[in-house]
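> Model the structure of this input:
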Amino acid sequence: MLQRVQTIYFSLVIICLGVTCSGMEFFRFVKGTEFYSFSVYGIQKGMGNDLSMHKSIPIFLTVIGLCLFAFMTLMSFKNIKRQLKWSRALFYFYMLMVAVFLIYSSFGKGMFFENNASQELGLGYIFFIAGLPFSFLALIGVKKDKNLLDSLNRLR
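Numbering: from 1, shown residues only. Got it, this is the predicted structure:
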């Protein structure tokens, strides 16, 4: 299991998702001293040094579920067909989550401020986006293993 390259890629996906679960900020909309911060725990409203929960969104559960699904996909190495299906599903669901974050980060500023607000990207956003290419590379590795096993079965 450890000699396969997709093990490394799935591990990197799990690490990137695990880092975002630590509560890192994805992005922040700022206007003067007022800001809205978006993390896995939800949207927090800040005014100067005061910080309060504005809206609780269960993104934490989704990120943990995605992390656990990546681990289950990694551990299903004995059944290559199931691993291929699960890694494909992981990649598409991860891509959907990244697309939702990209859309919300670009158009979300209008929900809180009318104009002249700036957007700041956080470290959690970078880690969340960085896991997507690793998920794709793991999918490619699983496909290569399946093709190799199919070619060996033809030789028998």
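> what about the strands in this structure?
Using DSSP state E, the strands assigned to the chain run over residues 25-31, 34-39, 42-47, 50-55, 118-121.
> The third one pairs with which strands, and in what direction?
Strands flanking strand 42-47 in the sheet, each with its direction: strand 34-39 (antiparallel), strand 50-55 (antiparallel) (DSSP bridges).
> And those: which comes nearest residue 78?
Minimum separation from residue 78 across those (Cβ to Cβ) falls at strand 34-39, 37.1 Å. Where C-beta positions appear, they are placed from N, C-alpha and C, glycine not excepted.
> picking up where we left off before, quick check: which of the strands paired with strand 42-47 is buried the most?
Across the strands paired with strand 42-47, the average number of neighbours (mean count of other Cβ atoms under 10 Å) peaks for strand 34-39, which reaches a mean of 20.
> Need the contact partners of that one.
Under the contact criterion Cβ atoms under 8 Å, 6 or more residues apart in numbering, strand 34-39 has outside partners 23-29, 43-47, 51, 54, 59, 104-105, 108, 112, 122, 124.
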